[in-house]
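A.B. asks: Can you look at this prediction? I've put the sequence above it.
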Amino acid sequence: MNSDHLSMTFAALADPTRRGMLERLASGQATVSELAESYEMSLAAVSKHLKVLEKAGLISRTKEAQWRRCRFEGAPLRDASAWVKKYTAFWEIQLSQLDDYIKKSGGKNND
């Protein structure tokens, strides 16, 4: 995944409203109106959030008659998770080394 896509994913996830919409969509498809029920905002504002999620590839939308159905797309989250995992391993090693150091020094403060 190139860094632009990763940046778009993290930018989309930075907003709590969009994260909430993704949580809802993870349990099944919903129309824009159904998503809007959970938020005190206009349909236009909900639509703007959905456009950000769609641009990041986190959702897809289909049109059925007059309804727009939204569906969760997990691939960008998998890629973001893989990126975070690289740094999780780094910090696990660092914390393990710190733990070893503390055990070797007897856990005493050497001031």
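C.D. replies: Looks like it arrived, so ask away. Numbers count the residues shown, from 1 in each chain.

A.B. asks: Without its sequence neighbours, what residue ends up closest to the residue nearest in space to the middle of the chain?
C.D. replies: The chain has Leu13 as the residue nearest its centroid, 4.3 Å off, counting by Cα atoms, centre = their mean. In this structure, Leu13 finds its nearest non-sequential neighbour in Arg19, 5.9 Å apart by Cβ to Cβ, 6 or more residues apart in numbering. For every residue, glycine as well, the C-beta is placed using N, CA and C.

A.B. asks: Equivalent analysis for Met21, please.
C.D. replies: Leu35 is the one closest to Met21 (Cβ to Cβ, 6+ apart), at 5.6 Å.

A.B. asks: Identify the residues contacting the one you found.
C.D. replies: Met21, Arg24, Leu25, Val46, Leu50, Cys70 (Cβ atoms under 8 Å, 6 or more residues apart in numbering).

A.B. asks: and those, which two are the farthest apart?
C.D. replies: Across the contacts of Leu35, no pair lies farther apart than Leu25 and Val46, at 12.4 Å, counting by Cβ to Cβ.

A.B. asks: where does this structure have low pLDDT?
C.D. replies: Within the chain, the ranges that satisfy pLDDT under 70 run 1-3, 107-111.

A.B. asks: What ranges does it have for its helices?
C.D. replies: 3-13, 16-26, 32-36, 43-55, 75-104 (DSSP state H).

A.B. asks: Could you check the angle the fourth one makes with helix 75-104?
C.D. replies: This means helix 43-55. Calculated by axes from the mean of the first three to the mean of the last three Cα atoms, to 10 degrees, helix 43-55 forms an angle of 70 degrees with helix 75-104.

A.B. asks: And helix 43-55, how far out from the chain middle?
C.D. replies: 15 Å (Cα atoms, centre = their mean, to the nearest Å).

A.B. asks: With the longest one instead?
C.D. replies: Taking Cα atoms, centre = their mean, one finds helix 75-104 lying 19 Å from the centre of the chain it belongs to.

A.B. asks: Can you give me the buried ones in it?
C.D. replies: Applying a neighbour-count criterion of 16 or more other Cβ atoms under 10 Å, one finds Pro76, Leu77, Asp79, Ala80 buried in helix 75-104.

A.B. asks: Could you do the first one as well?
C.D. replies: Applying a neighbour-count criterion of 16+ other Cβ under 10 Å, the buried positions in helix 3-13 are Leu6, Met8, Thr9, Ala12, Leu13.
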